[in-house]
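Participant: Structural data only, the sequence is not supplied:
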């Protein structure tokens, strides 16, 4: 890009940032920050640990939003000065440096713009992700484990917390299923577009004849339940089974029956937990995930009813969502948005922000068209 064009680019970025500010409303966030800071300073805050965690988490998220906006404004001002100096001195090296900063600013402002699209009822929540191996035998189980690593690496890159809640190991290799919590601002809203069927095509490392294998894994993303949601689950509607926790290959890692499986009889939903230390902790974690799934199911039924009344019932957009092809060529492609990357290794290492951003924009466009 020519040096003379950079001021126009900066003006466009400034306009985009102002539009984002209009949605995020930093002034109202500052008012809430002041209120939360008063609550945090109360000496009895941690008498109620659950409430204290909610307050401190909300405060941290709001402060991060405001600081992020302030930082972007500062960087835009500094970039404008850098452009001015580069023009005055006709300095090619300075021009290259400012071009790199403008490219980075463009990426950061676009990422913040995505945040403004996350306005769903549960988008700010933490996420509970379940990955289940599908068709494809041991390759599917291995694929499920690859996806777990992918999302874990993505969370680490973004400063999100990850806690594995339940793991079911496959006999030969990989995972039958795994459930884990990802905690961080807008974790559910961000990851919700990852729900659906993922497909892997590769030369199977488990086939001694070196044949190409197609395998599948299902990804489910639900918002984590909060105390204010009031999802009641009567004891008469559930069946609780306890069993011994197990590790890879069925090896016992716990000599007591601490693992818990809860079946919700009216819906048939089943949740199992085994990664906590006690049966009581596993039961509490399983109930929380069950309540989260019931909450999402209730919302989906309400949305389906609304669409039915409007005469516009559509199939779930999440199915058959992405292909990871390692042979005969290298490519990862989202089948909904057509966004693709030619480096599967980087994707499996957690570089999936491009897919997530494209998915969020695609979903928003679909909602606007409906």
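Facilitator: Done, it's in. None of the values given here were measured: they were computed from a predicted structure.

Participant: can you pull out the helices in the stretch 201-350 of the chain?
Facilitator: Shown for the stretch 201-350 of the chain, the helices assigned by DSSP state H, counting those that start in this stretch span residues 279-309, 344-348.

Participant: Lowest average confidence across those, which one?
Facilitator: Out of the helices of the stretch 201-350 of the chain, helix 279-309 stands lowest, with a mean of 79 (criterion: mean pLDDT).

Participant: these two touch, right, residue 204 and residue 140?
Facilitator: No - applying C-beta atoms under 8 Å as the test, residue 204 and residue 140 come out as separate, 10.6 Å apart. Every residue, glycine included, has its C-beta placed from N, CA and C.

Participant: Show me which of these two is the more surrounded one.
Facilitator: residue 140 (24 against 20; other C-beta atoms under 10 Å).

Participant: Now do that one against residue 221, distance only.
Facilitator: 19 Å (C-beta to C-beta, to the nearest Å).

Participant: For the helices of the stretch 201-350 of the chain, give me JSON lines that also has mean neighbour count and distance to residue 19.
Facilitator: Formatted as JSON lines, the helices of the stretch 201-350 of the chain follow (neighbours: other C-beta atoms under 10 Å; distance: least, C-beta to C-beta, whole Å):
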{"stretch": "helix 279-309", "mean neighbour count": "16", "distance to residue 19": "28"}
{"stretch": "helix 344-348", "mean neighbour count": "16", "distance to residue 19": "30"}
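
Participant: out of those, which comes closest to residue 338?
Facilitator: Residue 338 sits nearest to helix 344-348 of all the helices of the stretch 201-350 of the chain, at 15.4 Å, using C-beta to C-beta.

Participant: next SSE after that closest one?
Facilitator: helix 353-369 (DSSP states H and E).

Participant: remind me, longest helix of this structure?
Facilitator: helix 49-89 (DSSP state H).

Participant: Average pLDDT for that helix, rounded please.
Facilitator: Here the average pLDDT along helix 49-89 is 88.

Participant: following it, which helix or strand comes up?
Facilitator: Using DSSP H and E, the first helix or strand after helix 49-89 is helix 92-116.

Participant: in that next one, what's buried?
Facilitator: 94-95, 98-99, 102, 105, 108-109, 112-115 (16 or more other C-beta atoms under 10 Å).

Participant: Same list (the residues you listed) but as CSV, adding distance to residue 295 and pLDDT.
Facilitator: As requested, the buried residues of helix 92-116 are exported to CSV (distance: C-beta to C-beta, whole Å; pLDDT from 0 to 100):
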residue, distance to residue 295, pLDDT
94, 54, 81
95, 53, 81
98, 48, 88
99, 47, 89
102, 43, 93
105, 38, 94
108, 33, 90
109, 33, 93
112, 28, 89
113, 28, 90
114, 24, 89
115, 23, 85
